[in-house]
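**Student:** Here is a sequence with its predicted model. Questions after.
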Amino acid sequence: EAATNQYNKITNLADPTDPNDAANLKSVLDKIVGAAAVIHGPSKTPTTSYANLELGDFQTEYDPDGVISVNTTDHTVTLASGVWRMDGHLTVKATSDASATGKYKVLQDGGSATVYVPETTIDFDPGGSGDQEYLTAHFSAVINASSSAITLKVQVKESSSGSEVTFESAGSCITFQRIA
């Protein structure tokens, strides 16, 4: 039960359950940090059709409310509530075809299939010698899951059959941070 002491502060205040409730300091600080998750080493050797980037090594950094989940079988991420910032860093390699291109996009899985990062092409040097070449792609998006949960997928493909583009696990990661 809440009580006041000689310094006029309220002690033993329960966590708020309604937006109009008073809040104790711990519950406020817990929400300020937000949830955060890191997916290390997403990878895929794509074909000419879009397929989900494989999310093999998932590490939750901080998720006190259980609002993010990663499905390493379907290779999707579900954000149960809140507003999130997603940042991706993909290492892309081309071998034998100096004019190879890789493509990626981020979209909602099912439902309206909202696109969060539009199709982006990674071009390799067309004048290259065909030796291995690495490029890094970066993307960011703000995803609003305030009104309902959203399941996301990162999809990749190559431009033409046999161009030997791979999305490498080394140097690749995707991060999610709850910002509201």
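**Tutor:** Yep, that arrived.

**Student:** buried residues in the strand or helix carrying residue 166?
**Tutor:** For residue 166, the host element (DSSP states H and E) is strand 165-178. Buried residues in strand 165-178, counted by 16 or more other CB atoms under 10 Å: 165-169, 172-178. Placement of C-beta: from N, CA and C, glycine included.

**Student:** Now for those residues: which two are most distant?
**Tutor:** Pairwise distances across these peak at 32.7 Å for 165 and 178 (criterion: CB to CB).

**Student:** Any stretches of this protein with poor pLDDT?
**Tutor:** Residues of the chain that meet the criterion pLDDT under 70 lie in 1-7, 29-33, 96-98, 111, 125-132, 161-163.

**Student:** Now do the helices in it.
**Tutor:** For the chain, applying DSSP state H gives helices covering 25-33.

**Student:** neighbours around the closest residue to residue 84 other than its chain neighbours, how many?
**Tutor:** Excluding the flanking residues, the one nearest residue 84 by CB to CB, 6 or more residues apart in numbering is residue 143, at 4.7 Å. Close neighbours of residue 143, defined as other CB atoms under 10 Å, add up to 21.

**Student:** Also residue 28?
**Tutor:** For residue 28, the neighbour count with other CB under 10 Å is 11.

**Student:** From residue 15, how far out is it?
**Tutor:** Relative to residue 15, residue 28 is positioned 10 Å away (CB to CB, to the nearest Å).

**Student:** From what I see, residue 160 and residue 47 are in contact.
**Tutor:** No - Residue 160 lies out of contact with residue 47 (CB atoms under 8 Å); the separation is 10.3 Å.

**Student:** who are the neighbours in contact with residue 89?
**Tutor:** By CB atoms under 8 Å, 6 or more residues apart in numbering, the residues touching residue 89 are 136-138, 171-174.
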